[in-house]
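need a 3D model of the sequence below.
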Amino acid sequence: MFKLQCRHRRQLDWHVFEQKQSGDWFLSLLPEYAELFEKLEPDLMRKARSPWKESSSRKAMNLVLSGLTDIDIERVESFIGDFKRHVVLGASRHIEPYFTNEVDFCLALDFNFASVEEGRYTEIGKLEYVAKYQGSTSAGDEIAERMASAFHRIPAADKSLDCCLTYIPPSPDKEYYLPRYLAEKIMSHPEMVCRMRTVNPLVRAELRTKKPNIKEIRFMQKIKKCERIYSVENVSLSAPVRGCCVYVIDDLYKSGVSIWSFARCLKDAGAKSVMCLVCVKSCGDRDSS
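Residues are numbered from 1 along each chain as shown. All right, here's what the predicted structure looks like:
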């Protein structure tokens, strides 16, 4: 089972990819991205002269690739470009004491703001705002298309596991709910049905009771409330997830408490691994003090 050891949040802000005089290509990445590259690009790894080697500074991992074609070079550059924009998420220091291995991997398409001071949204951040607060289906459809395309940047589950897709469960009275809308649209993407290897590829999720407003409460209170909200007793799933790799969709990752709590619920229900894909990551990590 793949589990990326990434703490907090990160975008690929440093790398080296250059051709040597010999014609080989030199690639240097931070350790977690080297781990991701090895998992996501096994064909390219077969062109490596040797496994990843730690740099002299011990802060990066180095690889020499031989016989790369133009398509191979494009694939490496695509990997770098995607992860310069996408945000790889782990448990921040705020929630790390309360969670262990609930989420195996989490990826956000981008941050919601390019500049908080200027109130300037990223492109995907603006789409998320319009889809969520203005109910724009065209914005929702665009997000869903981008999320479906981003699935190839999530490590594949063990081939022996069934896979299914779900979303952070809403209150039972919630009519329009962006994570559910996104999950439904993602599942209509031609490639997704093949990826979700199970008779129930879309597992619908819903809370048995109305979700209280937890946006303005203190952080410790939110931890305790989410333990009750996203419990096996309070979450209704349309199909069992026991033995499955479950992909979870959400629109916004802020502190991470909700998605980590729901991931714990899924593992309590028997899920083998939980991979999360969210639209945007907030620039802050805490909901309130």
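
roughly how far apart are residue 181 and residue 125?
Applying Cβ to Cβ, to the nearest Å, one obtains 17 Å for the distance of residue 181 from residue 125. Glycine gets a C-beta too; all of them are placed from N, C-alpha and C.

meant to ask about residue 93
As it turns out, when the distance is counted by Cβ to Cβ, residue 93 lies 24 Å from residue 125.

give me the more crowded residue out of the two.
Taking other Cβ atoms under 10 Å, residue 93 and residue 125 do not tie; residue 125 has more neighbours (22 against 9).

show me where the stretch 101-250 of the chain has helices.
Counting by DSSP state H, counting those that start in this stretch, the stretch 101-250 of the chain forms helices over residues 123-133, 137-150, 178-187, 190-195, 219-229, given from the N-terminal end onward.

just the CA trace of the longest one, in PDB.
Right, the one you point to is helix 137-150. Taking Å, rounded to 0.1, in the frame of the first residue of the first chain, the C-alpha atoms of helix 137-150 are listed here in PDB:
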ATOM      1  CA  THR A 137     -22.800  24.200 -13.000                       C
ATOM      2  CA  SER A 138     -20.400  25.300 -15.800                       C
ATOM      3  CA  ALA A 139     -17.800  26.100 -13.200                       C
ATOM      4  CA  GLY A 140     -18.500  22.800 -11.400                       C
ATOM      5  CA  ASP A 141     -18.200  20.900 -14.700                       C
ATOM      6  CA  GLU A 142     -14.800  22.600 -15.400                       C
ATOM      7  CA  ILE A 143     -13.600  21.700 -11.900                       C
ATOM      8  CA  ALA A 144     -14.800  18.100 -12.300                       C
ATOM      9  CA  GLU A 145     -12.900  17.800 -15.700                       C
ATOM     10  CA  ARG A 146      -9.700  19.000 -14.100                       C
ATOM     11  CA  MET A 147     -10.100  16.700 -11.100                       C
ATOM     12  CA  ALA A 148     -10.700  13.700 -13.400                       C
ATOM     13  CA  SER A 149      -7.500  14.700 -15.300                       C
ATOM     14  CA  ALA A 150      -5.600  15.000 -12.000                       C
END
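
list the buried residues of it.
Buried residues in helix 137-150, counting neighbours by 16 or more other Cβ atoms under 10 Å, are found at 139-144, 146-148, 150.

just the third one next, same as before
Buried residues in helix 178-187, counting neighbours by 16+ other Cβ under 10 Å, are found at 178-187.

what is the lowest-pLDDT residue among the residues you listed?
When it comes to pLDDT, residue 187 is the least confident member of these, at 93.

surely that one is in contact with residue 196?
Yes: Residue 187 is in contact with residue 196 according to Cβ atoms under 8 Å; the separation is 7.3 Å.

what is in contact with the two at once?
Applying Cβ atoms under 8 Å, 6 or more residues apart in numbering, one finds that residue 187 and residue 196 are jointly contacted by 165, 202.

would you map the strands across this protein?
Remark: strands assigned in the chain by DSSP state E are 9-10, 16-19, 25-29, 53-54, 61-65, 87-89, 105-111, 113-115, 120-121, 162-167, 205-207, 235-237, 244-253, 273-281.

how about the ones you listed, which one is nearest residue 225?
Each of the strands of the chain was scored for nearness to residue 225 using Cβ to Cβ, and the closest is strand 205-207 (12.1 Å).

tell me which strands the closest one pairs with, and in which orientation.
In the sheet containing strand 205-207, its partner strands are strand 235-237 (antiparallel), by DSSP bridges.

and the strand it pairs with, what's buried?
Residues 235, 237 are the ones in strand 235-237 that count as buried (16+ other Cβ under 10 Å).

contacts for that strand?
By Cβ under 8 Å, 6+ apart, the residues outside strand 235-237 that reach it are 166, 169, 203-208, 262, 265, 269.

show me where pLDDT drops low in this protein?
For the chain, the stretches flagged by pLDDT under 70 are 1-8, 285-289.

how near is residue 69 to residue 170?
As for residue 69, its distance to residue 170 is 47 Å (criterion: Cβ to Cβ).

who's more crowded, the two?
Looking at residue 69 and residue 170 with other Cβ under 10 Å, you find the greater number of neighbours at residue 170, namely 18 against 9.

count of neighbours near the nearest residue to the more buried one once chain neighbours are set aside?
Counting by Cβ to Cβ, 6 or more residues apart in numbering, residue 170 lies nearest to residue 177, which is 4.4 Å off, once chain neighbours are set aside. The number of residues packed near residue 177 is 17, by other Cβ under 10 Å.
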